[in-house]
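S.K.: how would this look folded up:
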Amino acid sequence: GYFDAQSFDSNYPNSTMDKNSSSSSAKQAPVRWAQRADSIYLTIAVTDCKDPKFTLTATSLKFEGKAGPSQEDYSCEVEFFAEVVPEDSSKRVTDRNLFFNLKKKDAEAEFWPRLTKEKIKLQWLKVDFDKWADEDDEPEEVAQPDLGGMQNFNMEEMMAKMNMGGAGGAPPDMSAFAGGAADDEDDSDDDDIPDLE
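M.R.: Now for the predicted structure:
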């Protein structure tokens, strides 16, 4: 029993030191990613990160720092599917997250099938669909504001579809009440409402 107590005491000062505790007791930081043809967007989703430490190489990114309301130790390490160019990459640190724009070494290559070198599912790694949809390619960029409009003005969208005589396929019942298929074929735009009487 005495030896246990002594060994605990002798280890205790070490456990309070940042260098030792950050590697062993640090929490896994959640990571989101998206890509374009020439770059990878990587977000480490930790808030209020103070004094973050990064090590970015051509093949990996390591991070550790204190974050969150309690300023707990967080860390993460990602080995990339392919090489990036650290000197051409950039980072932005805010109180909401840490964002990296990593330039791909081979911009002509096909899109990465995954972020990591190993083909394993990581609970803390997720696709950043917001950035993926925004930045993927031109048609997606144009479509993105429309999606936002549908979310904000859902009723208007539904009314517009109904006014089109059910062209969107959403309200089949409305066209049935509007006088049947024969009238729709005839002159649906002008005569729907009079035909109801």
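S.K.: quick one: residues in contact with stretch 92-110.
M.R.: Stretch 92-110 is contacted from outside by 37-49, 52, 56, 58, 61, 63, 80, 82-85, 88-91, 112, using Cβ atoms under 8 Å, 6 or more residues apart in numbering. (Glycine included, C-beta is placed from N, CA and C.)
S.K.: tell me the strands beside the helix or strand that residue 62 is a member of, with direction?
M.R.: When elements are assigned from DSSP states H and E, residue 62 belongs to strand 60-67. Using DSSP bridges, the strands paired with strand 60-67 are strand 50-56 (antiparallel), strand 72-79 (antiparallel).
S.K.: possible to save these as JSON lines with mean pLDDT, distance to residue 32 and mean neighbour count?
M.R.: JSON lines is the format used below for the strands paired with strand 60-67 (pLDDT from 0 to 100; distance: least, Cβ to Cβ, whole Å; neighbours: other Cβ atoms under 10 Å):
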{"stretch": "strand 50-56", "mean pLDDT": "93", "distance to residue 32": "16", "mean neighbour count": "13"}
{"stretch": "strand 72-79", "mean pLDDT": "96", "distance to residue 32": "11", "mean neighbour count": "18"}
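S.K.: which one of these lies nearest to residue 131?
M.R.: Counting by Cβ to Cβ, residue 131 lies closest to strand 72-79 out of the strands paired with strand 60-67; the figure is 16.3 Å.
S.K.: show me which of the contacts of stretch 92-110 are buried.
M.R.: Buried members of the contacts of stretch 92-110, counted by 16 or more other Cβ atoms under 10 Å: 39-46, 49, 52, 56, 61, 63, 80, 84, 89, 91.
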